[in-house]
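1. Would you be able to build a 3D model of this:
(chains A and B)
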Amino acid sequence: GAGVSQSPSNKVTEKGKDVELRCDPISGHTALYWYRQSLGQGLEFLIYFQGNSAPDKSGLPSDRFSAERTGGSVSTLTIQRTQQEDSAVYLCASSLYRTGANVLTFGAGSRLTVL
Amino acid sequence: GQQLNQSPQSMFIQEGEDVSMNCTSSSIFNTWLWYKQDPGEGPVLLIALYKAGELTSNGRLTAQFGITRKDSFLNISASIPSDVGIYFCAGLGVLGRDDKIIFGKGTRLHILP
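-> Numbering: from 1, shown residues only, chains lettered A, B, ... in the order given. Below is the predicted model of the structure:
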């Protein structure tokens, strides 16, 4: 597509439930990133996918968080047994990774509220 | 780990004023990016800088890649209401890896009525 598409745009869930957030990157972009942005805060790196390489999961805050990228395109971020502190905007970004020119394009984000 | 120090954290200015914000780090970067985030939206790229010493303009915005490769600044001239938002710097290329991206914590720009 023309831009990075994320769904749902808003999700309200109860504590303890699992949620899935979807990211559809720009067609042809090989790199995909997930970030978390808590209210009024900066961008917290979660996970990074590049082509067929093993993902960089170093930013995932706990084992309740996981992500996959199927077929090198769409990615799903899953949060199990959600907690109230998981409430945040989850941003996805993709890039056509090239050495010296890795510019990220962001989606509009998925706002998660855990009651 | 690597960090970017972005300042100021927030700014309150009058419409028409010029704005200056910067990012510094102890690490060397190959690329600096500046993004703006409007409320309820994802960050949007404003300017990309690829070469030490590079000075690039985009309308009323001007950004520079510091000669030491450890800093960058963004200036906005003659601010207007739509400049309100959060500005993020990002450095790429730590340890030679362009996929390693470090974001600053953002500068929140407010324009006083």
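2. alpha carbons only for contacts and neighbour counts from here, please
-> Fine.
3. Distance-wise, check residue B:108 relative to residue B:59.
-> Distance, residue B:108 to residue B:59, by CA to CA, to the nearest Å: 20 Å.
4. now residue A:61
-> Distance of residue A:61 to residue B:59, computed by CA to CA: 39 Å.
5. So those two - more neighbours on which side?
-> For residue A:61 versus residue B:59, the count of surrounding residues by other CA atoms under 10 Å in any protein chain shown is larger for residue A:61: 13 against 8.
6. Which strand or helix spans the nearest residue to that one once chain neighbours are set aside?
-> Excluding its sequence neighbours, the residue lying closest to residue A:61 (CA to CA, 6 or more residues apart in numbering or on different chains) is residue A:46, at 7.4 Å. Assigned by DSSP states H and E, residue A:46 belongs to strand A:44-50.
7. What of residue B:69?
-> Secondary structure assignment for residue B:69, by DSSP H and E: no helix or strand.
8. and it, what pLDDT?
-> pLDDT, residue B:69: 92.
9. That one contacts residue B:52, doesn't it?
-> Yes: with contact defined as CA atoms under 8 Å, residue B:69 counts as touching residue B:52 (5.7 Å).
10. so where's the chain uncertain?
-> By default, I'm working from chain A. Chain A contains residues with pLDDT under 70 at A:1, A:98-101.
11. looking at chain B here, not the other one
-> For chain B, the stretches with pLDDT under 70 are B:1-2, B:94-98.
12. near chain A, which residues of it show up?
-> Within chain B, the positions near chain A by CA under 8 Å from any CA of the partner chain are B:30-31, B:33, B:40-45, B:48, B:50, B:92-93, B:98-99, B:103-106.
13. Now for the residue nearest to the spatial centre of chain A: which residues touch it?
-> For chain A, residue A:34 is the residue whose C-alpha lies nearest the centre (CA atoms, centre = their mean; 3.1 Å). Contact analysis of residue A:34 by CA atoms under 8 Å, 6 or more residues apart in numbering or on different chains lists A:45-48, A:90-93.
14. What is the burial count for residue 73?
-> Since you didn't name a chain, this refers to chain A. 20.
15. I was after chain B.
-> Residue B:73: 20 surrounding residues under other CA under 10 Å.
16. For my notes, confirm it occurs in a helix.
-> No: assessed with DSSP: H, G, I helix; E, B strand; the rest coil, residue B:73 is strand; it does not lie in a helix.
17. Does the residue nearest to it when sequence neighbours are not counted lie in a helix or a strand, and which?
-> In this structure, residue B:73 finds its nearest non-sequential neighbour in residue B:22, 4.1 Å apart by CA to CA, 6+ apart. Counting by DSSP H and E, the element that carries residue B:22 is strand B:19-24.
18. So which elements touch that strand?
-> For strand B:19-24, the contact count by 3 or more CA pairs under 8 Å, 6 or more residues apart in numbering or on different chains; DSSP states H and E identifies strand B:5-7, strand B:71-76 as packing neighbours.
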